[in-house]
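1. Provided below are the primary sequence and the corresponding predicted coordinates.
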Amino acid sequence: MVPWEEMRALAQTAHTRAYAPYSGLQVGAALWTGRHLYAGCNVENASFGLTVCAERNALACALAQGERPAALLVLAPTPKPIVPCGACRQVLWEFCTADLPVLCANLSGQQLCLRLGELLPLAFELGG
């Protein structure tokens, strides 16, 4: 069973640690591997292409420990639940299955749960 409440609390803490002086949008993410939880926050850069999103930071932490994602929660202080950007969707696709549950949330308690395959129905893949 996915520990969504624990993940939400972790993502909420992570979002307060985000470095977002350009967009002003602090995003937090929590990734569950089935055994451990990993947090990530967005880290912006004046050279916007070098910005790293919260989802990719959490994913990198899990991968560095030899683990693979089983669920992801992304959270931000937005009017509607925030969804991963296109780059994050594609990077997640590299390491996850289309069935990965992604809970998109905001600080007001609104949420939307989708599968990665719904977020990225025509993922870029090399080979077969």
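-> Cool, got the structure.
2. from Ala105, how far out is the residue most central in space within the chain?
-> Nearest to the mean C-alpha position of the chain, counting by CA atoms, centre = their mean, stands Glu55 at 2.8 Å. Look at Glu55 and Ala105: by CB to CB, to the nearest Å, they are 13 Å apart. Every residue, glycine included, has its C-beta placed from N, CA and C.
3. shared neighbours, the two?
-> By CB atoms under 8 Å, 6 or more residues apart in numbering, Glu55 and Ala105 have these common neighbours: Val74.
4. ok, and the closest non-adjacent residue to Glu125?
-> Trp93 (7.7 Å; CB to CB, 6 or more residues apart in numbering).
5. distance of the residue nearest to Pro81 when sequence neighbours are not counted from Tyr19?
-> Nearest in space to Pro81, with sequence neighbours left out and distances taken as CB to CB, 6+ apart, is Cys104 at 4.1 Å. According to CB to CB, Cys104 and Tyr19 sit 22 Å apart.
6. who's more crowded, these two?
-> Cys104 (21 against 13; other CB atoms under 10 Å).
7. which strands and helices sit next to the strand or helix carrying that one?
-> Element membership for Cys104, per DSSP states H and E: strand 101-106. Where contact means 3 or more CB pairs under 8 Å, 6 or more residues apart in numbering; DSSP states H and E, strand 101-106 is packed against helix 4-16, strand 71-76, strand 111-115.
8. all good on my end, thank you.
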